[in-house]
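>>> Next input, structure requested:
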Amino acid sequence: MITIMGASGATGGATLRSLTAQGVPVRALSRDPGRLSAGLDERTRPLVEPVAADAEDPDSLRSALQGTRQLFLTMANGPRQVDHELLAVDLAAQAGVEHIVKVSAPAAEPDSPVAVSRGHHLIEQRLRAHGVTATVLRPYAFMQKLLLLAPGIAAAGLIHGTMGTARCNYVDCRDIGDVAAAALTRPEAAGGSIPLTGGRAYSYPELAGLLGALLGRPVAYVDLPPGELRAHLVARAGMPDWLAAHVVEIQRLAVERPEAPDDAATRLIGRPPRTLEAFLQEHLDRFRHPHH
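Model prediction:
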C-alpha cells in the first residue's frame, strides 16, 4: 500500500492525483478525511482510501500507517513541522514501511541560513538512522506560492521582495507530484536525492516584466531590506511572523547561492517541466485588477 501524508496539501494532493491517474490505489491521510473525499472526482474516488490521522495524535498516525509499504511524507511548514515529520518517520519505521519519499529542501544542511532547511536536515538524518530506503525530493520555490503575490499585483501592480536581481527557481507542485509518483511506482527511480526546478530561473524584475506583458499593464518590483520585507509581509500580507521570516530567509538564500535549473525531473518523467509562463497564464485572473 502507498500512503500519502499531507494529502490535502499542494504536493501531497498533486502526488495523489498523479498516482490515481495511473490507476494506482492510495491511502490518503488527512485531519478531515470527509472533506478530502468530497474533493475527489468520480474517477479518482474509488482508488483512494481516506483515513483520519493527525500528527498531534501519535495513535491515529500509528494505526493509519498499518500495512503501508511506501510512504509519501510532506507536512505543512510551521513551528511544529520538524517534530511532526520526525514522529512520522519513527512510526513508519516501526510499522515496517520500506520506502519513504520525503519532500525536503535544496539546502538541507545543519548550518543552512533557512531554519526550515536545518529542520529538513534533522529529518533526513533520522531517515538514514532507521535504514529505510529514502527518496529525498529537493524542490526549489513552488510556483503555487506566487499566488500569494496576486492581491498586491491586482490592487497596485507591485511585487515586494528582498532578492535584488538574484534569480529564483520556480517549480510547479504538479511536477513534484509526478516525480514523487515515479519514485513510488518505479523501483529503479527510488532512493537518492532529486533536485527539482523549472526550466529556467527568474529574478523578480523578470517576473514583474513577464506578468506585465501577460496582463497588458505595468507591474513593478520593489526591493526592500530583509527586515522591511518581513514587516511588510506581516502587516500588509497578513502572514504569521514565522512564515514571513521563512519567506525572507528563502529569498536571502537565492541571493547567497545563485540558482541554476536542473534537468533531474525531465530525466525521470520524460518531459520538460511546466513553465512559469504557462502557470501564470493559467491563473491570470487572480493577478488582474479587481475592477476588470
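>>> how does the protein divide up, domain by domain?
2-139+173-195, 145-167+199-260+274-287 (automatic domain parsing).
>>> May I have the distance across the longest one, first residue to last?
Using Cα to Cα, to the nearest Å, the gap from the first to the last residue of domain 2-139+173-195 comes to 22 Å.
>>> closest one to Arg267 among the domains of the chain?
Set against Arg267 and scored by Cβ to Cβ, those come closest in domain 2-139+173-195, at 9.3 Å. Using the backbone N, CA and C atoms, a C-beta is placed for each residue, glycine as well.
>>> model confidence over that closest one, on average?
Domain 2-139+173-195 comes out with an average pLDDT of 93.
>>> Same question for stretch 220-230.
If you average the pLDDT over stretch 220-230, you get 95.
>>> can I have it written out in CSV, keeping just the CAs?
Once non-C-alpha atoms are left out, stretch 220-230 reads as follows in CSV (Å, rounded to 0.1, in the frame of the first residue of the first chain):
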residue,chain,number,x,y,z
ALA,A,220,6.8,47.0,-10.8
TYR,A,221,9.3,45.2,-8.4
VAL,A,222,10.0,47.0,-5.1
ASP,A,223,13.3,45.8,-3.5
LEU,A,224,13.3,46.1,0.3
PRO,A,225,15.9,45.4,3.0
PRO,A,226,15.1,42.0,4.7
GLY,A,227,13.7,43.5,7.9
GLU,A,228,11.3,45.8,6.0
LEU,A,229,10.1,42.9,3.8
ARG,A,230,9.4,40.8,6.9
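>>> So which bits of that stretch are buried?
Within stretch 220-230, the residues that count as buried by 16 or more other Cβ atoms under 10 Å are 221-222, 229-230.
>>> From the chain's centroid, how far away is that stretch?
23 Å (Cα atoms, centre = their mean, to the nearest Å).
>>> Would you quantify the distance from Arg288 to Gly157?
11 Å (Cβ to Cβ, to the nearest Å).
>>> related to what we said a few turns ago, with distance to Leu268 added, can I get the domains of the chain in TSV?
Converted to TSV, the domains of the chain look like this (distance: least, Cβ to Cβ, whole Å):
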stretch	distance to Leu268
domain 2-139+173-195	5
domain 145-167+199-260+274-287	14
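>>> Out of those domains, which is the most enclosed?
Comparing these on average neighbours per residue, with mean count of other Cβ atoms under 10 Å, the densest one is domain 2-139+173-195 at a mean of 19.
>>> Am I right that His160 sits in a helix?
No. According to DSSP: H, G, I helix; E, B strand; the rest coil, the state of His160 is strand, so it is not within a helix.
>>> SS state for the nearest residue to it once chain neighbours are set aside?
Once its chain neighbours are removed from consideration, His160 has its nearest residue in Val222; the separation is 5.0 Å (Cβ to Cβ, 6 or more residues apart in numbering). In the three-state summary, Val222 is assigned as strand, counting by three-state DSSP.
>>> What residues does Leu86 make contact with?
Applying Cβ atoms under 8 Å, 6 or more residues apart in numbering, one finds that Leu86 lies in contact with 122-123, 126.
>>> Now do the helices in the protein.
With DSSP state H as the definition, the chain shows helices at residue ranges 10-21, 33-38, 58-64, 81-94, 115-130, 150-156, 173-185, 204-215, 226-235, 241-256, 264-269, 276-282, 284-287.
>>> just how off-centre is the second one within its chain?
The gap between where helix 33-38 is centred and where its chain is centred comes out at 21 Å by Cα atoms, centre = their mean.
>>> Now distance to Thr162 too, for the helices of the chain, in JSON lines please.
As requested, the helices of the chain are exported to JSON lines (distance: least, Cβ to Cβ, whole Å):
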{"stretch": "helix 10-21", "distance to Thr162": "24"}
{"stretch": "helix 33-38", "distance to Thr162": "36"}
{"stretch": "helix 58-64", "distance to Thr162": "37"}
{"stretch": "helix 81-94", "distance to Thr162": "23"}
{"stretch": "helix 115-130", "distance to Thr162": "16"}
{"stretch": "helix 150-156", "distance to Thr162": "15"}
{"stretch": "helix 173-185", "distance to Thr162": "24"}
{"stretch": "helix 204-215", "distance to Thr162": "9"}
{"stretch": "helix 226-235", "distance to Thr162": "4"}
{"stretch": "helix 241-256", "distance to Thr162": "5"}
{"stretch": "helix 264-269", "distance to Thr162": "28"}
{"stretch": "helix 276-282", "distance to Thr162": "20"}
{"stretch": "helix 284-287", "distance to Thr162": "21"}
